[in-house]
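Undergrad: 3D, please:
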Amino acid sequence: MSADWDDLRIFLTLAREGSLTMAARRLGVSHPTVARRVHALEERIGARLFDRLPDRFVPTSAGEELLDDAEMMERAAESIGRRSAGLTDTARGVVRISAGEAMTTMLARHVPGLRASLPEIEFELVTSHMLANLSRREADLMIREQVPDLADIVARKLGRVAYAIYTAPDRLTVGRPSPEKLRALPWVGFDDDHSYMPGQKWIAALLDGAKPTTRVNNWLVLHEAVRHGAGLSVLPCYLGDTDTRLQRVGGILEDVVVEQWLLVHRDLRTLPRVRAAMDAVINLFQRHKPMLEGRERGTRVAA
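TA: Residues are numbered from 1 along each chain as shown. Modelled structure (predicted):
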C-alpha cells in the first residue's frame, strides 16, 4: 500500500479535530473532500480507520496504529519544509511574530522603525496568550514571559518589563495612598481563567482575596477600562507611562517585574529574514530598556 501524504494529512487532521466540519475548516477544503479522501485511504489500506459515532469520528485500532506513523511523517515533512526554506531564503518576505496583546501593541507602535531598517520584510503581528507551534510555522518568532519546556526551541532574553498601578487622573488625587485607601477603591483585573497574568496575585493580596469589581480577559480591554475611570489596575509601564489619560500611582511594583524572552525554532534561526527580524527586535528592546523598566516616561499617546 502506498499512501499519498495529502491523504494522510487529512486523516491526521480528522483524527485530531474529531469531525468532518472542523477538519475541513482546518484544512481549507470542503466537507465532502475530507470524507472522500479518508474513504479512499481506507480502501487502499483495506481497513476501517474511524468509528463513525453520532457526534464524533474516533480512530479504530487500525487508525491508532496508522496515527503513530502518520505523525512521524508529519514531523519529517515539517522539518524538510523548515530546512529547505533556508536554501533560497534572503532577508525579505514575511516574518510572523506572536505575542500577547499588550506586547503586540508595543511592537505595533514601532513597526515604522522596523520597516525602515528592514524594507524588504513584511511583519505579521499575531496576538495570542497561547504558544504558537513553531514546528508548524504558526509563527516564526514568539515573545513570551517564560521559556517553554519544548524541544528545538531557542530562547534569547530580551529584558525585563516593569509594572505599576495606574488610574484615570480624576479617580485619585493622593500621590502615595495607603493600602487601606487603595483597598477601598474600585479595581479592574483579569477573570479567573487569566489570573496567571502579571500583577493579578498582587491585586488579590491587596484586596485580601476579594475580586476586582471589573474583570476582563484582555490587556487592551483592561487598559481601556482604566483610562475611562472604571478603577485602578496594574499595567505594564510601557502601556501606562505612555498614555496621557493615565497617571501612575506610587512606584514600580518590585514583585511584578517580568522577564521577556524571544523564542525561535532551531531550524529557523539562521534564515536571513528571521535572523534580521530577531536582531531588529533585540535592538528595539535594548533601545527602549528604560521605558520597559519604568525608568523613563516614553512618548505620550493621546486618546
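Undergrad: Quick check: Val188 vs Arg16, distance?
TA: 37 Å (C-beta to C-beta, to the nearest Å). For the C-beta atoms, the positions are set from N, CA and C on the backbone; glycine is no exception.
Undergrad: Asn283 in helix, strand or coil?
TA: helix (DSSP: H, G, I helix; E, B strand; the rest coil).
Undergrad: just Leu263 next, same as before
TA: Criterion first, three-state DSSP; result for Leu263: strand.
Undergrad: Quick check: it touching Gln146?
TA: No: counting by C-beta atoms under 8 Å, Gln146 is not a contact partner of Leu263; they are 9.8 Å apart.
Undergrad: out of the two, which sits in the busier spot?
TA: Leu263 (21 against 12; other C-beta atoms under 10 Å).
Undergrad: for the more buried one, what are its contacts?
TA: 134, 141-144, 147-148, 153-155 (C-beta atoms under 8 Å, 6 or more residues apart in numbering).
Undergrad: Are any of the residues you listed buried, and if so which?
TA: Neighbour-count burial (16 or more other C-beta atoms under 10 Å) applied to the contacts of Leu263 gives 134, 141-144, 153.
Undergrad: Could you list which of the residues you listed belong to strands?
TA: Judged by DSSP state E, those include 141-144, 153 as members of strands.
Undergrad: List just the nearest of these to Leu8.
TA: Ile153 (26.1 Å; C-beta to C-beta).
Undergrad: Ala210: which element?
TA: For Ala210, there is no enclosing helix or strand under DSSP states H and E.
Undergrad: How much space separates it from Ile203?
TA: Distance from Ala210 to Ile203, by C-beta to C-beta: 9 Å.
Undergrad: who's more crowded, these two?
TA: The residue with more neighbours, out of Ala210 and Ile203, is Ile203; 24 against 11, by other C-beta under 10 Å.
Undergrad: which residues touch the more buried one?
TA: Taking C-beta under 8 Å, 6+ apart, one finds 187, 189, 212, 233-234 in contact with Ile203.
Undergrad: Pull the most distant pair out of those residues.
TA: Farthest pair in the contacts of Ile203, by C-beta to C-beta: Pro212 and Val234, 10.1 Å.
Undergrad: What residues of stretch 28-46 count as buried?
TA: 29, 34-35, 37-38, 41-42, 45.
Undergrad: So which of these belong to helices?
TA: 34-35, 37-38, 41-42, 45 (DSSP state H).
Undergrad: Output those residues as TSV; include the columns distance to Phe123.
TA: What follows is these, written out as TSV (distance: C-beta to C-beta, whole Å):
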residue	distance to Phe123
Val34	33
Ala35	39
Arg37	35
Val38	38
Leu41	39
Glu42	43
Ile45	44
